[in-house]
Every structure is written in C-alpha cells, then in structure tokens.
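Undergrad: Turn this into a model:
(chains A and B)
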Amino acid sequence: MNKNEKYALADMVMNHALKNGAEQVSVSINNSRSSNIEIRDQKIDKLTESIRNSLTIRLFVDKKYSAHSTNRMKEKELFRFVDEALAATRFLAEDEFRSLPDPELYYKGGSADLNVMDPKLDSVEAKTKIDLATQVMNEAFQKDDRIISVSSYYSDNISDRVFVTSNGFKGDSNGSNISLSAEVSVNGGTGRPSAYWYENAIFFDKLNSTDVGKKALERALQKIGPKKIKSGKYPVVIENRTITSILSPLYSALLGSSIYNKQSFLIGKENKPVASQKLTIIDDPFIPSGFGSQLFDNEGLAAIKRPIIEEGILRNFYIDNYYGRKLKMKPTSGDTSNTIFKTGEKDLAGMIQEIKKGILITGFNGGNCNGSTGDFSYGIEGYFIENGKIIHPVNEMNISGNMNQFWLNLVETGNDVLENESIKTPSMMFDNIDFSGI
Amino acid sequence: MNLKRREFIKVGGITVAGSIILPTMLNSCKGSPVSDSAGSYLDHFEVTPEQLQKVISTALEKGADYADLFFEHTLNNTSALEDGKVNSAYSNISFGVGIRVLNGDQTGYAYSENVTLEAMLKAAKTAANIANSSSVAKPVNIAEYTAPSYYPIVNSWESTSVKNKIPFLQRMNDKVFAGDKRVTKVNAFLVDSTSYVLFYNSEGKLAWDFRPMATLFATCVMEENGRIENAYVTRSFRTGFEFLSNELMDELSDDVVKKTSLLFSATKPKAGEMEVVMGAGESGILLHEAMGHAFEADFNRKKTSIFSDKMGKKIAESFVTIVDDGTIPGNRGTLNFDDEGNPTEKTILVKDGTLNSYLHDRISANYYKVRPTGNGRRQDFRNIPIPRMRCTYMENGPHKKEEIIASVKNGIYVNSFSNGEVNIGAGDFTFFVKFGYLIENGKLTQPIKDINIIGNGPQALADIVMVADDKELSNVGSTCGKDGQGAPVTFGMPTVKVKKLTVGGMNA
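TA: Numbers count the residues shown, from 1 in each chain, chains lettered A, B, ... in the order given. Predicted coordinates for the structure are as follows:
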C-alpha cells in the first residue's frame, strides 16, 4: 500500500465506525520492515527478514472507550472487527474523561521535514550488510587467547505510520534506524565475562562501523577478575551509556498516569527542587535528524520544545490527553522525544580523576524502584577507583537509595554526550551513595 | 536495541501490547468452531497439506537440512479497571506463519502475516538463503502428531463477553476498598488470550494446539499521614473463563490489602553480605535467575555460560534437585508440545546435587547429540525458537521451615519479588525483594522492603545449605525475557537457606 491507499483505508475504517454509532474515532496504520543478521565466529548464525503491518482503532462510544489492533487488513474482516469492537465497548462503564484531544492542540502541518528517514536504506544489498557485520566480528575474532566467542549483529528497520482522527487530524510519519554491534565473551578464570559495543544511525552512510568489535573485546577483557569491595557510602561516576537505567524511574515519575495513580515520587513537586542545580533536562522534538524527533506525538498533539528540569527545578511533566483531563492539566505529550542535558566541563576520565575512593558504574543488573516512594536498589557492575585511577573491576554489589535524595547528590555532568540516541546522556557523578558489598 | 546478554524476568504480565474483547472468530478463518483435529486447524489457517509440502520444499531448495512452519492466530483481550469501574478495554489480533530453515546450526527465518501460497513461498525463499547450494528435498509423508492435553478448558475466552468479566474485577475493587480505609487507588487488569497453533516440519510432523492463557493483575495504593505505599497481586494459568471465581477475587483482594498495609512498618536493612532464607513458592525466582538461564543449552553450546564445563559435576549439596517441567496441568509455563513440535517433559537439571541436563532446543540437542527436552519456545510466529524455561522448581529437602529460620542469627527472610536478571557469563544474578523480614537470633522481626539482592550463580547454588519439605509452585504471571522475546514462565521452591548473598540497603 502506498501512503494514499493507507489514508483511504484508515478513512474507510473510521467512517464505518462513525456510521455505526461511534462518537469519535482515531485510526492508525503502522508498517515496518526490518532485517537482522547475526554472525558468530566467522559464520552466519541467523538471517531474519520481517515485514509487519497493523491497524489500530480507538473508539469513543456513548462516553465509553476501547482500543483494538489487528494485522488482518482485508476490508470485509476489518468491518466485522470494528462492529464487534463497537458492540463490546458498549458493555464498559462510562468515563467522562475519554475523548479525542482538543483539535486546537493538533499539529497543523507546515513544519520543515525533520529528516529521520534514509531513502537509500531500502536499496542496500544484503551482502553489504553481511560484510559490515563480518568486518565487526573480525576486529575481535582470535585477537586474544582468552576469547570464547565473538558475535556481531547488523539490524535495520524502516517504519511508517498514517494517523487520522474524526475531529480533524491527519498526519503521517516515517523513520529509519540502523544498528551495528558486537558482543565478546572471554574466559576470565572463574567467570566468563562478556561485553558489547554498538553504534546506531538513521542514515546508512553515517553509521560508524570502526572499532565496534575492538571496543567490545576491550571491555570484556577489562572485566576479568572482579572483586567486591566493602559496603559503604562512596562517590560514584555512572557512564553515559548506562545512566538511562537509573534515569528511567525519574521519567516514569513524570508521566501523567503515574501522578494520577499515585505511583510517582514527584507528585506536587512542580516548580520545586527535585535535583541538584547541575541537572537540566530539555525535551526537544525538533533536532534535525534526531533519534527521537517528531512533529506530533502518538495522539497527534503538536510537538513543543520545553524544559523538564531547569537547574534542579521541576518545570514540566509528560501529560497525555486522557490524564491531562483527569488531572486538570494541559496536555503536553505523554511521550519523550529527544531529551538533552546541560553538560559540564570534564569527560569520563576527567571525572574519574576527581575521585579519591569510589566506584565507576558501567552496567546495571536487575533491581527496581518503588514509584510511589522513590526507594530504589539495583545490582551493578563497574570498577573500583582509588586516587583518580581505575584499580579493578567490581561485581556482586548493589546501589540503593531514594530517588529524591539521589538526584540532589548529583555533583557533575560530563561533556561526553551520547549523540546517536534520543536520550542524549552525558556521564554523571554523584556523591555519598550507598553501596552494599562485603 | 538491547544487546545485553541479560535475561530478565518481570512479574505482572501486563506487558502484552493489547488484547481482544470479542467473542467471535475472524471471518476469514471460517466462522465455524475449531475442533481438535488436523483438518480443522488446516481449515482455520486456510492451507492444504499439499501447500505445506510445497512451502517446505521451497524452503529447502538451497540445500538446507531442515525446515519448519509455525502458523499462529492469537486473540488477546485486556479489561481494565481504574477509578472503581471497568472503563477501558484493549484487544489485539495477531495472525501469520513463521518459516524457519536450518543449515547445521545456522538459521534462516522469515515470516508472513498473510497465508496465501504466494506469500508463504516468498518468505520460504528468503529463509532458504541461509544455505547456498542446491538440492531437491525428498517429499515425505505427513504424520499427524497427537499431543497430550495438559490444559483442557471448560469455557473458552472467545465465547466469553467482556460483560461477564466485569463483575469479577468490580468485586475485587470493592473488596480492596472495603478491606482498609487507607486505600486510595485500585487498578486491576484481566488479560486473556487464545492461540491457535499449527506446526509442520520437513520430517512430515504435523501438530496442532489450542493454547489459552489468563492473567489477573491488581495494584493497591494506601495513604497514611502523607506516606504512600503500593503493592500488587497477580495470578496466571493456562485456563478458560472458569479461572474467574468469587473465591479467587476475595483471596487476591485480602492478599493485596495485607501486603500493602505491612509496608508502612517496613524499612531498608543494613547493606552487605548475609544469610538469606527464601520462603516457599515465589522464591523459585532464585532458580530461574541463578541457574536456570545458565542451563539453557544455547549459552552452553557457545560456551558463554558459567556452567559450560560443569555437566556431570557436583554443583550443589546432595539434597538439592532442580527440575524444569513443561507438563504441569494448567500451569502458565506448560505446553502440550514446544514451538518446534517436540514433546514437553519434566527435565531433571540438577539431580542430588549433580548437573544432569541442560535445557535443549533442536539445534542444541543436535549439537550435544541428545534428545530435545521440549524447551524450544518462541514469543510468536515472528520469532525463532530458542531454549527457554517452563516451570522451574526445586524438589523437597530434609529440613523444616522452622528449623531453617531458627538457624539464622543475623539475616533476612524474603518471599515477595517483582523482577530479576542474570548476566550469563559472569554469573551475577539479581532479584528485587518487594517485602520480607529481618531474622534476628532465629526469629522474624522487622519488616523490610524494596531491596535488590545480588549473588553469583554457581556460588549461590553451592551455598544452598538447607532445603525444607514445603515445596510450593508460584502462579504469579511472570514473563521471562531473552533475546528480545517474552515467554510465560513459572517457578517454585521449598523454603531454603542460602549461606551468603549480598543484600542492598543502607550504610551507617
């Protein structure tokens, strides 16, 4: 189906629902194509190709709400699908807060293309992709006696979406992404540590393919011989690639649904300090070729650039249409786009140098955060730092605390921002954090 | 992208994308009910035996040695309660066929959401590319496989209207609110799903299965003097509408009220290494994370598991026996046959302290020259099968629960978890404790909550120094994640004592 045909199908399904009693309707049609290659020890391990289609309809009937999706796209089936969905929706309880967004808030068109789709990706030959993954694998294969296994992966994905609503929104979006990665396992005496490295891109020509295998190998070898250190309060540096794990409870606490359902430790904290002055987070949907760039969100709401946290002060939540109505707050968007951080002066090595006795975290292992209270506890892996130098890898340790206090303990953000991500994190340094070890 | 060789488990099972609230079948799939016969399933997917054979021979045309087809039609429903009413519902229909081609241990895979012959042949040609010679596969006769029936149902979800589900969720809501005046929020979800599966392979095996599943999940929030606490309950089985009963709603309601109210007195323990007593049932998460994943044969075939060179060796005390069972009636982890058409079984992983078997799929069983153990599972037709756990549990041991608790001077007792994770190669595993108690001088004392526990698999297994005789299976709705694929699993355990684990907490 081309774009016009998808709009025609979406309109047809929407009109069928309206004709049969729905007050409001939205329909989206999503398509994606992807290919995945895995190479292990110089041999192709897996080749996977997939094409995926789906149609999702949201129904607002007699003040009642439901949403349904299917990958069966034939006209006759879709009509029956909608009829049954309508019938079932009528059994639900009313919910006065359910309705499509105020059309005033919709994206109205006219903005410049954000350039998040590689038009040439479709014509890249399978052999070129396999060669790229092979090159990555060869950077590590047999490069050290301790290597047990080297795997490399290439994957790409092209997706597009057409979205229409019965109160006037009509829009489409598309995007591409490519990922190249390596994973290396080594024999470390007692354990068999493994490590990975990856690079992402939106455009095939911009994919950084150098040193992916080499970095995975280096990182695996560095993990050999881990030791636990004594439980205690230590300063900690968390690497840019890892910090999203501990940022995710903060993002969850900013969601309208979390606030409404009392699963947020940030309730009532608007315009109050929730972190140290070093933390500034801005949600910016308009970065050209940004990994999270969008002109409108999942519900059609026009994207806006806005501060989330400014020098430690909470400025904005992520409020979608439904919870906006329930909370009597203006919907902003329920989705993050690109989030950018105010950076500091030093890189990762510079921050490590500042630490007399502490820990560098390079990975998390399990753990969780209680959304209501902010109490968290995570397993970690990383390195013990003494007098500004990495001494040895650490394992079997936990980091614990409360999110409210944790972000106040942020002392520095790095200048080493991860560019090829939607959450563009720098490494960060915190003071006085509880670790459990020996 | 998630490349971490990290396998994790999440309790709750509301990760499903959506579900269906509709009582009837899709039009295209012949409105008639599907009966338990090959013909009925072939009709359901609108394919003929000749077409299956043609697709298989196309899949093998480049010289691969094996191919299989996995047809799946899944209907999912979620009914959701918020603000005291069942006021939203979500559904999803997923339909298609996955075509897998094996050339030695190499895999070619493609799927089609359309089951016309033309679409299937196109996908078969794509998957065939894993091999690069040419050959003509000898046609084989179709042999129907009659699978056991581990999850018969009384009333199917397809014939159950959302109207009949609502009163149960409503009852739970009302019970929870009535249970404690501090309750301020209740959210409850019922997720039901029905899958039709048809399997055919290049050896001529034709198998079919009807796979029901139901999961209940409810959260409760209480507030007292400005403090907010929340807890949840969950229950899941391969069953039909008979799953829902007033008794179950009342039991879960009482349980969640009790769990939430206990949290107001709970604190975080002191950080560090200590003895950990793991209560019967849910603590089986220890087995899943500390050893279960590391026993999956794909990791061992690649030698990346910390247990790769331990087969036949003593790895635990002689009273430790651990099994993985895919045949427990109605269990969330049970399958009549696995997603490669192999029978499921009760596989003994650790027998009297000695490593006895890995968990195999077809590829790893061929590599190790053993029988497949029926652990080849996939999330859906869009994914390749890989070795996965089913219901993993420990058999009873010689000790008593009271005796175990009494033996601890300074430690913790835990029996409520939300999630876990393991790093297969390094062996470090974790699980997150929602609730437990300190043990001081042989007695349970101060309640504790929200802490992570970390250990190392082989060491923790060797450190299981006491095992009680009170084995329980946990029926929480757990979903295990591996290589980006989710799979329903369960676990169980008697009360055990682990000599030393590292407990998250505070430092003075």
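
Undergrad: Would you map the helices across the stretch 201-350 of chain B?
TA: For the stretch 201-350 of chain B, the helices defined by DSSP state H, counting those that start in this stretch occupy B:246-262, B:285-287, B:297-301.

Undergrad: Pick the most buried one from those helices.
TA: Neighbour counts (mean count of other CB atoms under 10 Å in any protein chain shown) averaged over each of those peak at helix B:285-287, with a mean of 29. Quick note: C-beta positions are derived from backbone N, CA and C, even for glycine.

Undergrad: circling back to that earlier point, dump the helices of the stretch 201-350 of chain B to JSON lines, plus mean pLDDT.
TA: Shown next, in JSON lines, are the helices of the stretch 201-350 of chain B (pLDDT from 0 to 100):
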{"stretch": "helix B:246-262", "mean pLDDT": "97"}
{"stretch": "helix B:285-287", "mean pLDDT": "93"}
{"stretch": "helix B:297-301", "mean pLDDT": "86"}
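
Undergrad: Report how many residues lie close to residue 111.
TA: Since you didn't name a chain, this refers to chain A. 12 (other CB atoms under 10 Å in any protein chain shown).

Undergrad: that's the wrong chain, I wanted chain B
TA: Burial measure for B:Tyr111: 28 neighbouring residues, criterion other CB under 10 Å.

Undergrad: Who does it form a beta bridge with?
TA: Under DSSP bridges, the beta-bridge partners of B:Tyr111 are B:Gly98.

Undergrad: hmm, stretch B:303-310 in reach of chain A?
TA: Yes - judged by CB under 8 Å from any CB of the partner chain, stretch B:303-310 comes into contact with chain A at B:Lys303, B:Thr304, B:Ser305, B:Ile306, B:Ser308.

Undergrad: so what pLDDT did the residue nearest to the second one when sequence neighbours are not counted get?
TA: The shortest distance from B:Thr304 to any residue that is not its chain neighbour, by CB to CB, 6 or more residues apart in numbering or on different chains, is 4.2 Å, and that residue is A:Ser185. What the model reports for A:Ser185 is a pLDDT of 94.

Undergrad: How about B:Glu289?
TA: pLDDT recorded at B:Glu289 is 89.

Undergrad: pretty sure it is in contact with B:Gly420, am I right?
TA: Yes - the criterion here is CB atoms under 8 Å, and B:Glu289 meets it with B:Gly420 at 4.2 Å.

Undergrad: any residues in contact with both of these two?
TA: The contact sets of B:Glu289 and B:Gly420 overlap at A:Gly366, B:Ile9, B:Phe429, B:Thr430, B:Phe431 (CB atoms under 8 Å, 6 or more residues apart in numbering or on different chains).

Undergrad: Quick check: buried residues in the stretch of helix or strand the last one belongs to?
TA: According to DSSP states H and E, B:Phe431 maps onto strand B:428-440. By 16 or more other CB atoms under 10 Å in any protein chain shown, the buried positions in strand B:428-440 come out as B:Asp428, B:Phe429, B:Thr430, B:Phe431, B:Phe432, B:Val433, B:Lys434, B:Phe435, B:Gly436, B:Tyr437, B:Leu438, B:Ile439.

Undergrad: Hmm, A:Gly366 and the fifth one touching each other?
TA: Yes - in this structure, B:Phe432 sits in contact with A:Gly366. The criterion is CB under 8 Å, and the distance is 6.2 Å.

Undergrad: okay, and the common contacts of the two?
TA: Listed contacts common to B:Phe432 and A:Gly366 are B:Asn419, B:Gly420, B:Asn452; contacts here mean CB under 8 Å, 6+ apart.

Undergrad: what subset of those is also close to chain A?
TA: B:Asn419, B:Gly420, B:Asn452.

Undergrad: where do the helices sit along the stretch 101-250 of chain A?
TA: For the stretch 101-250 of chain A, the helices defined by DSSP H, counting those that start in this stretch occupy A:126-138, A:212-222, A:244-253.

Undergrad: what's the longest helix in chain A?
TA: The longest helix of chain A (DSSP state H) is helix A:3-19.

Undergrad: what's it in contact with?
TA: A:1, A:25-29, A:31, A:55, A:57, A:59, A:73, A:75, A:78-79, A:82, A:86, A:160, A:162-166, A:170, A:172.

Undergrad: if we can go back for a sec, among the shared contacts of B:Phe432 and A:Gly366, which are located in strands?
TA: With DSSP state E as the criterion, strands contain B:Asn419, B:Gly420, B:Asn452 from among the shared contacts of B:Phe432 and A:Gly366.

Undergrad: Right, I'll leave it there.
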